[in-house]
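> kindly generate the corresponding structure for this input.
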Amino acid sequence: MKLKSFRKGVHPYEGKELSMDCAIQCIDAEDVMVYPLSQHIGAPAKAVVAVGDRVLKGQLIAEAGGFISAPVFSSVSGTVKAIENRLVVNGNNDECIIIENDRENETVSDFGKDRSLDSLSAEDIVDIIKKAGIVGLGGAGFPTGVKVSPKNANNIDTVIINGSECEPYLTSDYRLMLERNEEIIKGIKAVLKALPNAKAVIGIENNKPEAIKILDEKTSGEDKISVCPLKTKYPQGGERQLIYAITGRKINSKMLPADKGCIVLNTASCYAIYEAVYKNMPLIHKVMTITGEAVHSPCNVDVPLGVSHSYVLEKCGGAKDDVVKFISGGPMMGMAMSSLDVPVVKTSSSILAFSKDDVAALPQSACIHCGRCVKACPQILVPQMMAKAVRGQNMNRFDELGGMECIECGCCTYVCPAKIPLTQMFKLGKAELRSMRAKN
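Here you go, the predicted structure:
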């Protein structure tokens, strides 16, 4: 069978062999937990607790701050010690709720109580997902409750489950598909009940044959859920690339997937939906991959939201003495971390530790117009011309060249022999263009 895919893209070193055979382990919470109010795309959540309050595990501590927002819950029982600005993973200082863990692990009433899908309406399911604080756990962080309640709900015919995990090194979604596949499928069924005219397709790259096999077996009797093997290529898990590969439909920056009858959900998000709908549990924990050549013991770990990255790394055996760089997320689209003393949030997917910094080690030179960036770009753009426009502060030209269609995947930067930070330039260019449009 011919594997489905998209045009162009790249084939970086995968690095998944370091942790793909490591079963998920659980890590306890630490003494002091930090919960940023902004863990998603959209308006920050608003604190509903005060300093001195005692809170329970699973308790709402911050409510959604708007339509595009998501609530935050405590993953421990304890006392609110402060509400203050703290350093977060992207380098900003954001407002956070600080809770001292009392180690009692006392939960709110009905936490973990079984609930039947048959007893719920489509509206009930959407409401549960919204109130559980679930967001896109593949990294984007868009509130899932908003995503599964589009205005044209009856026109949604395809729910795509992103099991690609195309970023190098990351294996947490892979382990979820192997170890918690039945729960993922139940989560998918809940979404399908909320979108009655849709069928679900689980897209998995063919470098994960065990995941393809087991999910194919588990869905063999389902008439509305199927598995679609995909060609291993980066960025196969990009929303636009995934939609095109599976349905042949094209999406641009001015459209939502729902405009083409699609909704895309990450496998981890489906697991979180299962816990919310069937187990009455809000989103309070996350499976992460701890890996890289400078990690002593690569692994996949289930951690409570609010613990620090340094605590997680320590519990996993720590980093080697020759570590020079830490990354949150994948090496293609993740962020280098200046400090590990930042909290794990809903969109945290990994801690990568490397003993050499390929980006800093290679000097930048002039563009030689080789065209490799053009051959790699999955959005069919011309990065070398876009870069020229950004350098010249010609934002109108950048816009004409389709700059806003850049998905910031990093393919152009990866293949550039001159080591020009193209992706970073385009991020800045897009930000400048948005600012110009806002002023007008």
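
> the longest helix along the chain: which residues count as buried?
Ordering each helix of the chain by length in residues (DSSP state H) puts helix 422-439 first. Within helix 422-439, the residues that qualify as buried by neighbour count (16 or more other C-beta atoms under 10 Å) are 422-423, 425-426, 429-430, 433. Where C-beta positions appear, they are placed from N, C-alpha and C, glycine not excepted.

> for stretch 373-381, same thing?
Judged by neighbour count using 16+ other C-beta under 10 Å, the buried positions of stretch 373-381 are 373-374, 376-379, 381.

> same thing with stretch 267-281?
Buried residues in stretch 267-281, defined by neighbour count with 16+ other C-beta under 10 Å: 267-278, 280-281.

> repeat for stretch 171-183
The neighbour-count criterion (16+ other C-beta under 10 Å) identifies 171-178, 180-181, 183 as the buried residues of stretch 171-183.

> could you do stretch 227-237 as well?
Along stretch 227-237, these residues count as buried under the neighbour rule (16+ other C-beta under 10 Å): 227-230, 232-237.

> quick check: mean pLDDT of that stretch?
The pLDDT scores in stretch 227-237 average 97.

> centre of the chain to that stretch, how far?
On the basis of C-alpha atoms, centre = their mean, to the nearest Å, stretch 227-237 is displaced by 16 Å from the centre of the chain it belongs to.

> export that stretch to CSV, keeping only CA atoms.
Extracted in CSV, the C-alpha atoms of stretch 227-237 (Å, rounded to 0.1, in the frame of the first residue of the first chain):
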residue,chain,number,x,y,z
VAL,A,227,-5.9,3.8,11.0
CYS,A,228,-4.0,5.5,8.2
PRO,A,229,-0.2,4.7,7.9
LEU,A,230,1.8,7.7,6.8
LYS,A,231,5.2,8.2,5.3
THR,A,232,7.8,9.1,7.8
LYS,A,233,8.8,12.6,7.0
TYR,A,234,9.0,15.9,8.8
PRO,A,235,6.7,17.8,9.4
GLN,A,236,4.1,15.1,8.8
GLY,A,237,2.4,16.0,12.1
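
> any idea which helix or strand comes after the worst-scoring helix or strand of the chain on mean pLDDT?
Taking mean pLDDT, DSSP states H and E as the measure, the helices and strands of the chain show their lowest mean at helix 358-361, namely a mean of 66. Of the helices and strands lying after helix 358-361 in sequence (DSSP states H and E), the nearest is helix 372-376.

> need the contact partners of that next one.
Surrounding helix 372-376, the residues in contact under the criterion C-beta atoms under 8 Å, 6 or more residues apart in numbering are 8-10, 381-384, 411-412, 414-417, 422.

> now with 7 Å, please.
Contacts of helix 372-376 from elsewhere in the structure, counted by C-beta atoms under 7 Å, 6 or more residues apart in numbering, are 8-10, 382-384, 411-412, 415-417, 422.

> returning to what we had before: from the contact counts, what lies against the longest helix of the chain?
If contacts are counted by 3 or more C-beta pairs under 7 Å, 6 or more residues apart in numbering; DSSP states H and E, helix 422-439 sits against helix 383-391, helix 395-400, helix 411-415.

> of those helices, which approaches residue 257 most closely?
Shortest distance between residue 257 and the helices and strands packed on helix 422-439, using C-beta to C-beta, is found for helix 411-415: 21.0 Å.

> elements contacting that closest one?
With contacts taken as 3+ C-beta pairs under 7 Å, 6+ apart, helix 411-415 sits against helix 372-376, helix 422-439.

> ranges for the helices of the stretch 201-350 of the chain?
Counting by DSSP state H, counting those that start in this stretch, the stretch 201-350 of the chain forms helices over residues 209-218, 239-247, 267-279, 309-315, given from the N-terminal end onward.

> counting contacts, what elements does the shortest one pack onto?
Translated: helix 309-315. Judged by 3+ C-beta pairs under 7 Å, 6+ apart, the packing partners of helix 309-315 are strand 285-291, strand 350-354.

> low-confidence ranges, the stretch 101-250 of the chain, go.
When the per-residue scores of the stretch 101-250 of the chain are filtered using pLDDT under 70, no range remains.

> hmm, back to that, quick check: which of the helices and strands packed on helix 422-439 is buried the most?
Between these, the one whose residues have the most neighbours on average, counting mean count of other C-beta atoms under 10 Å, is helix 411-415 (a mean of 23).

> neighbouring contacts of it?
Under the criterion C-beta under 7 Å, 6+ apart, external residues in contact with helix 411-415 comprise 9-10, 12, 234-235, 332, 372-373, 376-378, 383, 421-423.

> export the contacts of helix 372-376 to CSV and tack on distance to residue 440?
Below are those laid out as CSV (distance: C-beta to C-beta, whole Å):
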residue, distance to residue 440
8, 33
9, 35
10, 36
382, 26
383, 26
384, 28
411, 31
412, 28
415, 35
416, 33
417, 38
422, 27
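
> and those, which is closest to residue 60?
Proximity to residue 60 was ranked across the contacts of helix 372-376 by C-beta to C-beta; first place goes to residue 411, at 40.3 Å.

> separation between the closest one and residue 238?
Noted for residue 411: a distance of 10 Å to residue 238, by C-beta to C-beta, to the nearest Å.

> who touches both of these two?
Residues within reach of residue 411 and of residue 238 at once, by C-beta under 7 Å, 6+ apart, are residue 378.
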